[in-house]
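> below: sequence and its predicted model.
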Amino acid sequence: MKINKYLPKLDHLTWYDKVLIGLTAVLILISLYVYACTCSIQTIAILKQLEPFFLVIKSLDFLCVLMIIIGLFFQTQRVIQIQQLFGLVILGTAIIVASLQFLPNMVNNTNHSRIYYSLLHPQYSIISWLNLLWFSTMGLVNFFTPIFNSHFISINKFTNRN
């Protein structure tokens, strides 16, 4: 089938690569959800508490772009598989976080802290949706970059023979 051509093969990844990607997925999922839920909070004291989560999101931005650049220049099977799996992790976590916004209200109307209320009654802001769209796009780019790159390399080899 044609879809098998696009699925990542994980045969060149070691066990610690898979464990590291799994831990990264959990960290990204938690941080992306907390960021999406609390993005509209502007209180300085609360922002100080959420700083580690925001740091993970900023690092993820840089890591997404870095993985694309690494994937363009290093075409080993291990790098390709890590990049594709990383892209799937980012895309999957963005989809999960986007779907969590539609959960039913899990908080009654009693007085709770703003962070607790935001996490259990998610109301994403426009910035949250834009960030989820950005990370979904970065996940797709990271997944498909090795496929397009290998496709263009094979076309280039074919045209250079003639």
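Looks like it arrived, so ask away. Numbering: from 1, shown residues only.

> show me what counts as buried in stretch 130-146.
131-132, 135-136, 138-139, 141-143, 145-146 (16 or more other C-beta atoms under 10 Å). For the C-beta atoms, the positions are set from N, CA and C on the backbone; glycine is no exception.

> need the nearest residue in space to the residue positioned nearest the centre of the chain, chain neighbours excluded.
The centre of the chain sits closest to I90, judged by C-alpha atoms, centre = their mean, with a distance of 2.0 Å. In this structure, I90 finds its nearest non-sequential neighbour in G139, 3.5 Å apart by C-beta to C-beta, 6 or more residues apart in numbering.

> that neighbour sits in which helix or strand?
helix 126-161 (DSSP states H and E).

> how much space between I96 and A36?
To A36, I96 is 11 Å away according to C-beta to C-beta, to the nearest Å.

> same question for S136.
For S136, the distance to A36 - C-beta to C-beta - is 12 Å.

> next one: Y16
Using C-beta to C-beta, one gets 30 Å for the distance from Y16 to A36.

> before we move on, what about W134?
As for W134, its distance to A36 is 12 Å (criterion: C-beta to C-beta).

> likewise for V19?
Distance, V19 to A36, by C-beta to C-beta: 26 Å.

> give me the more crowded residue out of those two.
Per other C-beta atoms under 10 Å, whichever of V19 and A36 has more neighbours is A36, with 27 against 10.

> could you count how many residues lie near G22?
If we define neighbours as other C-beta under 10 Å, then G22 has 12 of them.

> quick one: mean pLDDT for the helix or strand hosting it?
Element membership of G22 [criterion: DSSP H and E] is helix 15-38. For helix 15-38, mean pLDDT rounds to 89.

> show me what it is packed against.
Here helix 15-38 touches helix 51-73, helix 77-100, helix 114-120, helix 126-161, going by 3 or more C-beta pairs under 8 Å, 6 or more residues apart in numbering; DSSP states H and E.

> now the shortest one: average pLDDT?
This predicted structure assigns helix 114-120 an average pLDDT of 77.

> what helices and strands are in contact with it?
helix 15-38, helix 44-49.

> mean confidence score for the last one?
In this model, helix 44-49 carries a mean pLDDT of 85.

> nothing else from me, thank you.
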